[in-house]
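Undergrad: here is a sequence with its predicted model. Questions after.
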Amino acid sequence: MKTFGERTNQIPIPQEIKKRKWKWIGHTLRKSRSNITCQALQWTPQGKRKRERPRLTWRRVLEKEMAEKGHNWNTIHQLAKDREKWRRIVCGLCSTRESRGRGRRRTQTFEPDEATTSSDIVNVSASIISTQIEEGLQPTQQAACDPGWYGDDCNFLCHKNCLNKECNEDDGRCKSCSSGWTGTYCDSPCPEGTYGKDCSSKCEGFYCKNGCNHVNGKCDNGCVPGWHTVDCSKVCPNTSYGAECKSTCGHCRDGVPCHHVTGQCMTGCEPGYTGQNCNNVCPDGHYGDKCEKTCGKDAKCNHVTGECCGCTELRMLVKEKEEKIDSEHNAVIGLSVSLSIYVVLSVIVCCWRWRAARNDDE
C-alpha cells in the first residue's frame, strides 16, 4: 500500500532535507574565503574527541556523499561558483529513482481485450520486461527520464552540447560531447589547436590566427602573416608576403621570391637596390651590385648603370644654348655688316656731293 506522501506526490522528507543542505553548502561556498561561515564549513577541530562520541560526523557525512559522486572539497568549491553547474551537482547528490517530473516516461502497460490469448499476454509481458532490462532498469522499477532531461523531477534539460542531448539522469553529466566541445557537461570548447569530435583533431599544419574553429577546424579569424587559403595551408604567392599577402616583394636577385612572412630577399638584391626587402634604391653617388660602386662625390647617377643622371637633358640644353648663341652671333654679324655698308655708302655719297658742289663753283 502506498504511503500518504506517495499518494500526494510529495518529495520524501530525507531527500528534501538533503537537497536543502547542499543548496546551503553551495550558497556558503560562493562567499568569500574570509567569511566566518565559509571558514566554519571546512574547519577541522583540533585535539581528540571525547569517548563514546559518534564516529560519523556531519562533515564526514558530506565527504561520503561527495565521494559517492566522485567529488571532493576542492572540486565542490570550484563547481559551487557556477550556479547552473551547482544545481546539477545537487540533483546528482540528492537524486532518487522515483521522480515524477515532466521529462519522465510513462511505464509501459498492456491492457488485454476479449480477443487476447494467454500466450499473447506472456509474450507482451516478456517484451516489456526485456525492454526495461535493456534500459538498465529493474522490471518493477519506474522508467527513467525522457531523453534530454535529468534531475529529481526530470525537470532539467541536458546541456545543449551533449551529444544527441543525452546526459546522466542524476546530475546531468554528458555521456558524450558534440563535436568541438569537452568537459563534464560539454560546456568548454576544445583547447586551442584542437577541434572536432572529442577534440581529437589537431590544427597542426594550419596557420590560423588565434587558432582554428573548435568545431570544424576552419580559420574564422584569418591566417597569420605569410599564409592564405580557407584553411591557411598555403604560403603567399611568389610576389607577395605578410598579413593577408597584401605586401609586394622588392627587387630580389634573379627573380627569386622573397620570404612569405617577412618579405626579406634571401638571395640578396638586384643591382641598384638595397635594404632588407630590397625596396630602396642606392643612395646618391652609388650604383650597381650592393651599391658598392661610386660615380663621384656628390654626383648623381643612375642607381643601376651608373650613367650620369640627366646627361641627355644636359646635352639638349647645351645644344639649345649653342644654337641660341649662334643665332645671336649671326644677328650681330648681320647688323655689323649692314652698318658697315651703310657707313661706306654714306661716305661715298658725301664725297660725291662734295665733288659735285666744287665743280659747280669752278
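TA: Yes, it's here. Residues are numbered from 1 along each chain as shown.

Undergrad: please make it C-alpha for all contacts and neighbour counts, starting now.
TA: Will do.

Undergrad: what's the helix or strand for Arg88?
TA: helix 83-93 (DSSP states H and E).

Undergrad: who touches that helix?
TA: 19, 22-23, 26, 65-66, 69, 79-80, 151-152, 169-172 (Cα atoms under 8 Å, 6 or more residues apart in numbering).

Undergrad: narrow those residues to those in strands?
TA: Assignment to strands by DSSP state E places none of the contacts of helix 83-93 there.

Undergrad: from those residues, which is closest to Gly222?
TA: Nearest to Gly222 among the contacts of helix 83-93, counting by Cα to Cα, is Leu79 at 35.2 Å.

Undergrad: what about the closest one, distance to Asn72?
TA: Distance from Leu79 to Asn72, counting by Cα to Cα, to the nearest Å: 11 Å.

Undergrad: between the two, who's got more neighbours?
TA: Neighbour tally, Leu79 and Asn72, criterion other Cα atoms under 10 Å: the higher count belongs to Leu79, 20 against 15.

Undergrad: just the pLDDT at that one, thanks.
TA: For Leu79, the pLDDT comes out at 80.

Undergrad: picking that back up, the helix holding Arg88 - what's its average pLDDT?
TA: Rounded mean pLDDT across helix 83-93 is 75.

Undergrad: same thing with stretch 56-64?
TA: Rounded mean pLDDT across stretch 56-64 is 78.

Undergrad: please apply the same query to stretch 203-218.
TA: 81.

Undergrad: list the buried residues for that stretch?
TA: Using 16 or more other Cα atoms under 10 Å as the test for burial, stretch 203-218 gives Cys203, Phe206, Tyr207, Cys208, Gly211, Cys212, Asn213, His214, Val215, Gly217, Lys218.

Undergrad: same question, stretch 226-240
TA: Buried-residue list, stretch 226-240, by 16+ other Cα under 10 Å: Gly226, Trp227, His228, Asp231, Cys232, Val235, Cys236, Thr239, Ser240.

Undergrad: ok, back up a step: alpha carbons of the helix holding Arg88, in PDB - could you do that?
TA: Written as PDB, here are the backbone C-alpha positions of helix 83-93 (Å, rounded to 0.1, in the frame of the first residue of the first chain):
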ATOM      1  CA  ARG A  83      25.100  28.300 -10.100                       C
ATOM      2  CA  GLU A  84      23.900  26.300 -13.100                       C
ATOM      3  CA  LYS A  85      26.600  23.600 -12.500                       C
ATOM      4  CA  TRP A  86      25.800  23.600  -8.800                       C
ATOM      5  CA  ARG A  87      22.200  22.800  -9.500                       C
ATOM      6  CA  ARG A  88      23.200  19.800 -11.500                       C
ATOM      7  CA  ILE A  89      25.600  18.700  -8.700                       C
ATOM      8  CA  VAL A  90      22.800  19.000  -6.100                       C
ATOM      9  CA  CYS A  91      20.400  17.000  -8.400                       C
ATOM     10  CA  GLY A  92      23.100  14.300  -8.700                       C
ATOM     11  CA  LEU A  93      23.800  14.200  -4.900                       C
END
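
Undergrad: offset the numbering so it begins at 60, please.
TA: In the new numbering, first residue 60, that becomes helix 142-152.

Undergrad: the strands in this protein, which residues?
TA: 208-209, 215-216, 240-241, 247-248, 253-254, 260-261, 286-287, 293-294, 299-300, 306-307, 332-333, 339-340, 345-346, 352-353.

Undergrad: now do the last one: everything it contacts.
TA: Applying Cα under 8 Å, 6+ apart, the external contacts of strand 352-353 come out as Gly344, His345, Tyr346, Gly365.

Undergrad: just checking the distance from that strand to the centre of its chain.
TA: 50 Å (Cα atoms, centre = their mean, to the nearest Å).

Undergrad: pLDDT on that strand, on average?
TA: Strand 352-353 comes out at a mean pLDDT of 84.
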